[in-house]
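# quick one, fold the following:
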Amino acid sequence: MAGVAVLLQSLEHQAEALRTLQAVWGGREDDAAPHPPCSPSQPFQAQSDGTGQHGSAWLSPGRKTEVPRPQQRLQLRLERPETLREKALCSKLSRVVDATTRLVTVEQTFLLPLVQQHSFPLHPKDSIEFRNICSHMALQREGQQFEKDLHEAHQCLKMIIEKHICSLAVFPSESHIPARSALRQILQNLLAV
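Below you'll find the predicted structure:
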């Protein structure tokens with residue numbers, strides 16, 4: 001049962017890292033959003049721009065302002081063009097968020113039942129390091145340190161997955177096949193360019 005406790009501890013650290021990553025991802029999407037989020041003082045309503053297309057209209061006290069969405073998006077692109085480097089960072093962050101989500105699911109679905117039946121090596125320190133890197137990355141938001149932290153998070157997550165695959169390979173069993181297959185798929189998606 002020590003293996004179960006170790007895996008649950010790892011899962012807890014990875015779930016915390018995932019929440020942090022999702023907050024970072026959500027923050028980056030908010031920065032690139034074509035319009036501000038709705039608030040009670042500015043309700044969002046779909047309005048026609050006169051051409052039959054619908055855009056967003058913001059109501060302020062006493063008057064209505066109409067701003068079609070396509071024009072807002074164009075204006076955002078002109079104000080802040082997305083460079084190839086920014087696109088690559090966004091893609092990498094997206095892959096890390098997705099891989100972490102899938103890893104937590106695989107650990108809960110496949111590894112937890114397996115570790116109850118068979119003992120195999122687990123590495124909780126890697127999950128702690130991953131959580132710490134994600135927490136540090138959340139403080140950066142952008143710049144070279146953010147890129148460095150994202151790279152380290154990517155590498156740490158890759159190492160966690162590879163160690164799980166190796167641990168399962170030590171004990172060949174029919175019951176390990178779905179877990180290994182799922183982990184390999186996560187790794188492949190994480191490493192995709």
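
# and the helices in the chain?
Listed in chain order, the helices of the chain (DSSP state H) span 2-32, 69-79, 84-106, 112-117, 124-140, 143-170, 177-191.

# how much space between the residue nearest to L8 when sequence neighbours are not counted and P121?
Spatially, and ignoring its direct neighbours in sequence, L8 is nearest to L112 (7.8 Å; C-beta to C-beta, 6 or more residues apart in numbering). Placement of C-beta: from N, CA and C, glycine included. Separation of L112 from P121 (C-beta to C-beta, to the nearest Å) stands at 15 Å.

# cool, L111 as well?
Distance from L111 to P121, by C-beta to C-beta: 12 Å.

# on that earlier part again, wait, what's in contact with the residue nearest to L8?
L112 sits next to 4, 7-8, 11 when contact means C-beta atoms under 8 Å, 6 or more residues apart in numbering.

# quickly list the domain ranges of this protein.
2-32+83-191, 44-78 (automatic domain parsing).

# and among these, the most buried is which?
Counting by mean count of other C-beta atoms under 10 Å, domain 2-32+83-191 has the highest mean neighbour count of the domains of the chain, with a mean of 17.

# show me where this protein dips below the pLDDT cut-off.
1, 28-81, 141 (pLDDT under 70).

# would you agree T100 is in contact with T20?
No. Between T100 and T20 there is no contact under C-beta atoms under 8 Å: 9.7 Å.

# these two touch, right, D98 and N189?
Yes. Assessed by C-beta under 8 Å, D98 is found in contact with N189 at 6.6 Å.

# ok, and what's touching stretch 147-162?
With C-beta under 8 Å, 6+ apart, stretch 147-162 has contacts from 14, 17, 21, 89, 92-93, 95-96, 99-100, 103, 123, 126-127, 129-130, 133-134, 136-137, 140, 183, 186-187, 190-191.

# how about stretch 171-189?
With C-beta under 8 Å, 6+ apart, stretch 171-189 has contacts from 95, 98-99, 102-103, 106, 110-111, 114, 117-118, 120, 158, 161-162, 164-165, 168-169.

# ok, 6 Å please
99, 102-103, 106, 110-111, 118, 120, 161, 164-165, 168 (C-beta atoms under 6 Å, 6 or more residues apart in numbering).

# distance check, the closest residue in space to S94 that isn't next to it in sequence against R131.
Once flanking residues are discounted, S94 sits nearest to W25: 7.1 Å by C-beta to C-beta, 6+ apart. Distance, W25 to R131, by C-beta to C-beta: 16 Å.
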